[in-house]
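Trainee: Curious how this folds, go ahead:
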Amino acid sequence: MKQFTPLITLFIFVLVTHCSGADYYIDSVNGSDNNDGLSTSKPWKSHMKAESASLAAGDVVHFKKGSAFSGNIRISESGTAAKPIRLTSYGKGDLPKFTNPTTRDASGNAITLGGDYIIAENLHFHDTPGEYVSGMIIMTRLAALRIEHGSDHCIIRNNEFIKTGQGIMSAGEHTLITKNYLDGPSYALWRTSKSSWGPMGIHLNIGNQEVSYNTIKNFGTKDSPWGSDGGAIEIDCGRYHKKNIYIHHNYSEGNAGFIESSWDYDWPRYRQEIYNWRVSFNVCYDGQSWL
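Mentor: Sure, this is the predicted structure:
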């Protein structure tokens, strides 16, 4: 029986390694895309490697603190409840920075989540579009971090969003958006003589979502025919239901309002009724209306 012991040990090692998922490392300062990306000593350089890596359940992509990345990446693979895919940071210093300066690239998204059970945490987003954007399609896609419709059970936590026209947009169900810090711009995303739009901190396109323990500040503009526009949380997009939304323990300051939900003025022009919204234990120091 002793002759089989090394084989059994090897089998167990391979099984445990596979189940735990792979770790990938990306460092925009000292990395190289010629590396294998599998250790802190041989990190990749480009964040695009996270998109092309064919991630699997349980995999973790670590972005080095002090790094800076520009342009969109879309994570299309899915994790599972037990083994989510995770995007996070490592090292010391400032959180890794992500931006996308143009709506011509993925509607201005810095990161797009197109799979289930993905966690995005400990990242910094900044200066995404943006002033003078326009178009109905952009209204349903614009954000620094966007969760696509059908991408469910994602978690957005412990991130920073600074001067992003829209911080987070989620059309995924069973999403948790928690413990993020969002400090917005003071300009309109677009404006006409009769209408205006944004900026917004968190934009929910569908129900079955939870928004909790976030700090949301300064998403508002006076450049509006209505006197002011923008807000901490907006809930609209008439294509999808708006049932079961839980908003609690958020701090909102300096925004044009805390929550806005449209009715006749939605796009597409579908009237949508809302069910089972719970809004509790939030602190709001905003202009205009609380709701």
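Trainee: Next, the contact list for the residue nearest the centre of the chain, please.
Mentor: Nearest to the geometric centre of the chain sits L145, at 3.3 Å (C-alpha atoms, centre = their mean). L145 makes contacts with 109-113, 120, 125, 156, 159, 161, 167-169, as judged by C-beta atoms under 8 Å, 6 or more residues apart in numbering. No exception for glycine: its C-beta is placed from N, CA and C like everyone else's.
Trainee: What's the first helix or strand after the host helix or strand of I177?
Mentor: Assigned by DSSP states H and E, I177 falls within strand 175-178. Using DSSP H and E, the helix or strand that directly follows strand 175-178 along the chain is strand 181-183.
Trainee: what helices or strands is that next one leaning on?
Mentor: strand 160-162, strand 215-217 (3 or more C-beta pairs under 8 Å, 6 or more residues apart in numbering; DSSP states H and E).
Trainee: Present these as TSV; the columns should include distance to D59, mean neighbour count and mean pLDDT.
Mentor: As requested, the helices and strands packed on strand 181-183 are exported to TSV (distance: least, C-beta to C-beta, whole Å; neighbours: other C-beta atoms under 10 Å; pLDDT from 0 to 100):
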stretch	distance to D59	mean neighbour count	mean pLDDT
strand 160-162	24	22	98
strand 215-217	30	22	97
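Trainee: out of those strands, which comes closest to K179?
Mentor: strand 215-217 (8.7 Å; C-beta to C-beta).
Trainee: List the buried residues in the helix or strand that the closest one is followed by.
Mentor: Once the chain leaves strand 215-217, the next helix or strand it forms, by DSSP H and E, is strand 231-235. Within strand 231-235, the residues scored as buried using 16 or more other C-beta atoms under 10 Å are G231, A232, I233, E234, I235.
Trainee: After strand 231-235, which helix or strand is next? Please name it.
Mentor: Following strand 231-235 in sequence, per DSSP H and E, is strand 242-248.
Trainee: and the angle for that following strand with strand 231-235?
Mentor: When axes from the mean of the first three to the mean of the last three C-alpha atoms, to 10 degrees is applied, the directions of strand 242-248 and strand 231-235 differ by 150 degrees.
Trainee: Could you report the distance from F63 to V283?
Mentor: Between F63 and V283 the computed distance is 32 Å (C-beta to C-beta, to the nearest Å).
Trainee: With neighbour numbers in mind, choose between the two.
Mentor: F63 (29 against 11; other C-beta atoms under 10 Å).
Trainee: Quick check: which element contains the more buried one?
Mentor: Using DSSP H and E, F63 falls within strand 60-64.
Trainee: Would you mind checking the average pLDDT for that strand?
Mentor: What strand 60-64 shows for mean pLDDT is 99.
Trainee: and what of stretch 35-54?
Mentor: Computed over stretch 35-54, the average pLDDT equals 98.
Trainee: Which residues does it contact?
Mentor: 22-28, 30-33, 59, 61-64, 69, 71, 73-77, 87, 90-91, 98.
Trainee: distance between that stretch and the chain's centre?
Mentor: On the basis of C-alpha atoms, centre = their mean, to the nearest Å, stretch 35-54 sits 21 Å off its chain's mean C-alpha point.
Trainee: swap in stretch 91-101?
Mentor: Mean-position distance between stretch 91-101 and its chain equals 14 Å (C-alpha atoms, centre = their mean).
Trainee: try stretch 230-250
Mentor: 15 Å.
Trainee: low-scoring pLDDT stretches of the chain, where are they?
Mentor: 1-19, 130-139, 186-197, 221-229, 263-272, 288-291 (pLDDT under 70).
Trainee: how about the helices of the stretch 51-200 of the chain, start to end?
Mentor: Counting by DSSP state H, counting those that start in this stretch, the stretch 51-200 of the chain has helices at residues 136-139.
Trainee: ranking the contacts of L145 by neighbours, who comes first?
Mentor: Busiest of the contacts of L145 [other C-beta under 10 Å] is G167, holding 31 neighbours.
Trainee: wait, what's in contact with the nearest residue to that residue once chain neighbours are set aside?
Mentor: Of all residues not flanking G167 in the chain, F161 sits nearest, at 3.7 Å (C-beta to C-beta, 6 or more residues apart in numbering). For F161, the contact set (C-beta under 8 Å, 6+ apart) comprises F125, H126, A144, L145, G167, I168, N180, Y181, L182, D183, G184, G201.
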